[in-house]
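**Student:** mind looking at a prediction? Sequence and model below.
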Amino acid sequence: GMIGAGASQDRSIAALNVALAAARDGANVLLIDADPAARTLSNKVTGPGKHEASRLGWLSMGTRASRAIKTANGISILPSIGPAGTSNAIRKAIAQARSAGGYDLVIFDGPALPWSADDRKLLDAADGLTAILPASLDINDCMEDIIAALGGTERKLIGVILNELHPAAKVSQRDKQYA
């Protein structure tokens, strides 16, 4: 699972890059949008004409079924189904994907801090968590916040990715203020 501080697009970019790298190495990857507020991945893939059944076809998520969208890059993306009961539905989808054995790797683009009790259950279901931190924020403060929020789940934190994609834009804005 991808978690972190800062913009949701940072988590989505990291999740997508990990999924693409695994797919290039031959893994069958399911990428789940588990951020119902931002829906960054969902908004990118749910346009008209992009729906194609994945190997597992329909994944039952709560009372609705959602189709995993197979991309040209060899990964399947399961869009967010909305805010109500999403974490519980995503946990069910992860369990179903694991039991069916159709995917070598399941990655979810996690919900933003602060996490609800339902979100924490989703993090508990993950085998491992990676924190995505924008380099423009104070890394130590961000890590303290994440570790405190994880509580007993902090042992699942397996890595940290620093995103340096956006700081250049912030520096140029700062330079304009002083010019």
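**Tutor:** That came in fine, so what should we check first? Numbering: from 1, shown residues only.

**Student:** show me the residue at the heart of the chain, geometrically.
**Tutor:** Closest residue to the average C-alpha location of the chain: Asp109 at 0.6 Å, with CA atoms, centre = their mean.

**Student:** so how far is Asn73 from that one?
**Tutor:** With distances taken as CB to CB, to the nearest Å, Asp109 is found 16 Å from Asn73. Glycine gets a C-beta too; all of them are placed from N, C-alpha and C.

**Student:** cool, Ala38 as well?
**Tutor:** 21 Å.

**Student:** neighbour count winner among those two?
**Tutor:** Ala38 (18 against 12; other CB atoms under 10 Å).

**Student:** did I read that right, that one in a helix?
**Tutor:** No - under DSSP: H, G, I helix; E, B strand; the rest coil, Ala38 falls outside any helix and is assigned coil.

**Student:** excluding its backbone neighbours, what's nearest it?
**Tutor:** Distances taken as CB to CB, 6 or more residues apart in numbering place Ser8 nearest to Ala38, at 3.6 Å, with adjacent residues excluded.

**Student:** correct me, but that neighbour touches Ile132?
**Tutor:** No - at 9.7 Å, Ser8 does not count as touching Ile132 under the criterion of CB atoms under 8 Å.

**Student:** out of the two, which sits in the busier spot?
**Tutor:** Ile132 (27 against 21).
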